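J.: Fold the following and give me the result.
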Amino acid sequence: MAEQHVSNGQGTGGTSASPAVRIALLTPPGRSALAVVGVCGRGAAVLADRRFRPRCGTPLSERAAGAIAVGRWHETDTAPGEELVVVCHGPDSLEIHCHGGTAAAEAVLRSLAAAGAERLEWPAWAGAAGASAIDLEARLALARAAGPRAARILCQQLAGSLAAAIDELGSPSGQGKRLLRAARVGLRLTEPWRVVVTGPVNAGKSSLVNALAGHARSIVASEPGTTRDLVTTRLVMGGWEIDLIDTAGDRDGPLPATEQAGISLAAAARATADLVLRVAVAGGAAGEAGPGELAVLTKADLTSDQRREPPGAVVTSATTGLGIDGLTARIVAALVPEDHLEPGLLDGPVPFTPRQVALIRGRRA
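T.: Prediction:
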């Protein structure tokens, strides 16, 4: 069974089952260079012709699909008019491109509503125009995509990759298992990965964060306990958005209340991390990384003794840049192992909402 549409209305090029013309602001409200108003429904072009005066004189209702018209929009018969562009998808579907901000778009929406159009929020407008549930979910997720890689994956689903795969679940292709494997990453496309940097005081954690970020995000000092709070730096690694979290260093003995509170925050951050960077000074005592952890040795420029280097540790120097690129690659590989364990898995259909995962499990059952 094909993915269900959220409305019985036709697509953007057909005639709506409802006589009402529906309008919506399709771009985020606020300051911008461009705003887009969507108009769909039976007689959309005829309704817009009441207020649009094209330069060439041909009404919107007489233009072919794909035509672009330049002219002025007159909110009232005596208003001077706002210059804008109208893209005609057909007689029942238009996009009106006007100046950004709120005033120009609001004038278009207000005049169309006064002429009898029904004003909707954009998800309802897209649904009424025939967008499927996956289309709407992809558009909503794209507005919150956590990095360019996530946006690229969501664009593939918007283009129909996931819907086609769900339609094929009745065939013995093993597609269902593949989709569920991809869902681990898909369900994280709208939130950054959390990478927590932890270790003893003066291990070089803050310097390491600054080196990975490319700027001085955390305060660096020789005194132990400089970092008391969680310091979060948002950056992009390998196309993925990551929250890199610097934490208070661990140490024993009587401690000031503020430093003890910072250590407690660090422990809580580790418990919710997608990956923990277990930091120690190169040449010193360093334990092996546990599950969900990556051992990182710092200050390698200060020692040549790496005999106690734990297996799999990444040796770095924030001063010289040694190992920083390698550490970045290891972080990405640890967060998204699918890329090297199953190449191409995330290049095709990827479920990205709990509803989609439940639908796939139900189809498989």
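
J.: Next secondary structure after the host helix or strand of residue 177?
T.: Remark: residue 177 resides in helix 175-186, with elements defined by DSSP states H and E. Counting by DSSP H and E, the element after helix 175-186 in chain order, helix or strand, is strand 193-198.

J.: Show me what that following strand is packed up against.
T.: With contacts defined as 3 or more CB pairs under 8 Å, 6 or more residues apart in numbering; DSSP states H and E, the packing partners of strand 193-198 are helix 205-213, strand 240-246, helix 257-271, strand 275-281, helix 324-335. Every residue, glycine included, has its C-beta placed from N, CA and C.

J.: between the longest one and helix 205-213, what angle do the directions make?
T.: Looking back up the chat, that one is helix 257-271. Helix 257-271 and helix 205-213 meet at an angle of 50 degrees, taking axes from the mean of the first three to the mean of the last three CA atoms, to 10 degrees as the criterion.

J.: shift numbering so it begins at 34
T.: Done: numbering now begins at 34, and the last item shifts to helix 290-304.

J.: got the buried residues for helix 290-304?
T.: Within helix 290-304, the residues that qualify as buried are 292, 295, 296, 298, 299, 302, 303, counting by 16 or more other CB atoms under 10 Å.

J.: so who does the fifth one touch?
T.: What that stands for is residue 299. With contact set as CB atoms under 8 Å, 6 or more residues apart in numbering, residue 299 has these partners: 229, 231, 263, 280, 281, 283.

J.: Distance of the residue nearest to the fourth one when sequence neighbours are not counted relative to residue 390?
T.: Distance criterion CB to CB, 6 or more residues apart in numbering; nearest residue to residue 280, sequence neighbours excluded, is residue 299 at 3.5 Å. Noted for residue 299: a distance of 33 Å to residue 390, by CB to CB, to the nearest Å.

J.: same check, this time on residue 269
T.: 26 Å.

J.: Which one's more surrounded, these two?
T.: With neighbours defined as other CB atoms under 10 Å, residue 269 and residue 390 compare such that residue 390 has more, 17 against 13.

J.: Residues touching the helix holding residue 210, excluding its own?
T.: For helix 208-219, using CB under 8 Å, 6+ apart, the contacting residues are 186, 195, 198-199, 201-202, 369, 371, 375, 378-379, 381-385, 389-390, 393-394, 396-397.

J.: ok so, going back, can I get the buried residues of helix 290-304 in CSV with distance to residue 349 and pLDDT?
T.: CSV is the format used below for the buried residues of helix 290-304 (distance: CB to CB, whole Å; pLDDT from 0 to 100):
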residue, distance to residue 349, pLDDT
292, 25, 68
295, 23, 76
296, 23, 78
298, 24, 88
299, 20, 85
302, 21, 91
303, 20, 92
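
J.: Test my guess that residue 191 contacts residue 169.
T.: No: when contacts are counted by CB atoms under 8 Å, residue 191 is not listed as touching residue 169 (9.8 Å).

J.: Not counting residues beside it along the chain, what's closest to residue 237?
T.: Among residues not flanking residue 237 along the chain, residue 331 sits closest, at 3.5 Å (CB to CB, 6+ apart).

J.: List the residues that contact the one you found.
T.: When the contact criterion is CB under 8 Å, 6+ apart, the partners of residue 331 are 236, 237, 238, 240, 241, 312, 313, 314, 315, 349, 350, 351.
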